[in-house]
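Novice: Got a predicted structure here, sequence first:
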Amino acid sequence: MLIMPMLQQLIATPSISSVNPALDQGNRAVIELLAGWLEDLGFTVDIMPLKDPRKANLIATLGSGPGGLVLAGHTDTVPCDEARWTHNPFKLLEKDQRIYGLGTCDMKGFFPLIIEAARQFSRHTLQQPLIVLATADEESSMSGALALAAAGKPRARYALIGEPTGMKPINMHKGIMVEKLIIEGRSGHSSDPTLGRNAMETMHSAMGELLSLRNELREKHHSPMFNVGHPTMNLGCIHGGNNPNRICGHCELGFEIRVLPGMDTVALQQQINDRILPFRERDGVTISLEHYCVPAFDSGAGSTLVKICESLTNYTSESVSFATEAPYLKDLGMDVVVLGPGNVEQAHQPDEYLAIDRIQPTVDFLVQLIGRCCL
């Protein structure tokens, strides 16, 4: 079994993606590792370059024909604070029946398990193709998934995304609207407020409107399918001003909204604009909003793949509040389920790990799934 050597190389190859350019890295080296391993198994490999030359998607196909199964995952990781780790996050460590390293859980650790399962079919004649999909920038801009959507590929009947779900099939998740509110005022000496336009004071008013909107969304929208059954809004980070005796001339707020399936995100974006933009005239400031949205996902009541995964895992499908690339693959016409060996509680945390006792059951599950969908 070559799982550990492959995982060791993947963890040792940093591929952090971040909205902060100072932290953002490429994933091309990870893609090339996967491409080489899959080519050795007889896969036909297609590397899709992205606008950033450091980044790419990978579509590797074994067999041909209509239908088939996509096994998908993202190759990037979140940034990490190495000082909070008890060991090197880029060096695989096996300890206490766990495998530690950045990406072991979310979600580089899924790829060696895919390859180990696919190895058992490398000499079979598949009736339907097996496709391994590896993407870029899921943790930041979704640029990899957006490029796939624009290209209209890959095409298959089924798709499984190996995000950390504790091997439970996920048939529904919330969407996420990521927002950046920028207010430009005018700095000046704090001894005379008329000398400037305080961007932080306008931000205070804007935050009050956002919190009121949060309460309204909570009252208006509810779904019993989620543990947190209403939309959530998080005011995540704020930066403004540079000295107590200077009028704040610039202030930025980063916030996000987790929306339920069926909510109209275009209308919600307009609500945000309508509440905040009027402060421009009132306060004599400039206001801009930057945003992107990952849609909510619902596999649908008639999903065949949900039923297959439930029968193979003995788990009933569930919903989660985190977002994935599932809606983009569904829009390509695939029946999609999110299911992987890690636990989301270990993701995005110092000392991220994958439990060793999850490895062989996941390989066994993937072998059965490939058999059901491709033979």
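Specialist: Yep, that arrived. This one's a predicted model, so the numbers in the text were calculated from it and none came from an experiment.
Novice: Gly240 and Ala267: what is the separation?
Specialist: 29 Å (Cβ to Cβ, to the nearest Å). For glycine as for every other residue, the C-beta is placed from the backbone atoms N, C-alpha and C.
Novice: Same check on Glu184?
Specialist: 27 Å.
Novice: Comparing these two, which shows the higher neighbour count?
Specialist: Glu184 (16 against 8; other Cβ atoms under 10 Å).
Novice: State whether Ile182 is indeed within a strand.
Specialist: Yes - looking at Ile182 with DSSP: H, G, I helix; E, B strand; the rest coil, it is inside a strand.
Novice: In this model Arg280 seems to touch it, though I could be wrong.
Specialist: No - using Cβ atoms under 8 Å, Ile182 makes no contact with Arg280, being 11.8 Å away.
Novice: what's the overlap in contacts for the two?
Specialist: Ile287 (Cβ atoms under 8 Å, 6 or more residues apart in numbering).
Novice: Following the chain past the longest helix along the chain, name the next helix or strand.
Specialist: Counting by DSSP state H, the longest helix found in the chain is helix 199-220. Using DSSP states H and E, the helix or strand that directly follows helix 199-220 along the chain is strand 232-240.
Novice: Alpha carbons of the next helix or strand after that following strand, as CSV, please.
Specialist: Toward the C-terminus, strand 232-240 is succeeded by strand 250-259 as the next helix or strand (DSSP H and E). Backbone C-alpha positions of strand 250-259 (Å, rounded to 0.1, in the frame of the first residue of the first chain) are rendered in CSV as follows:
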residue,chain,number,x,y,z
HIS,A,250,-10.4,54.4,5.8
CYS,A,251,-12.2,51.4,7.3
GLU,A,252,-12.8,47.8,6.0
LEU,A,253,-15.2,45.1,7.3
GLY,A,254,-15.1,41.5,6.1
PHE,A,255,-18.3,39.5,6.8
GLU,A,256,-20.1,36.5,5.5
ILE,A,257,-23.7,35.1,5.3
ARG,A,258,-24.5,31.4,5.3
VAL,A,259,-27.7,31.1,3.3
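Novice: what stretches of the chain score poorly on pLDDT?
Specialist: For the chain, the stretches with pLDDT under 70 are 1.
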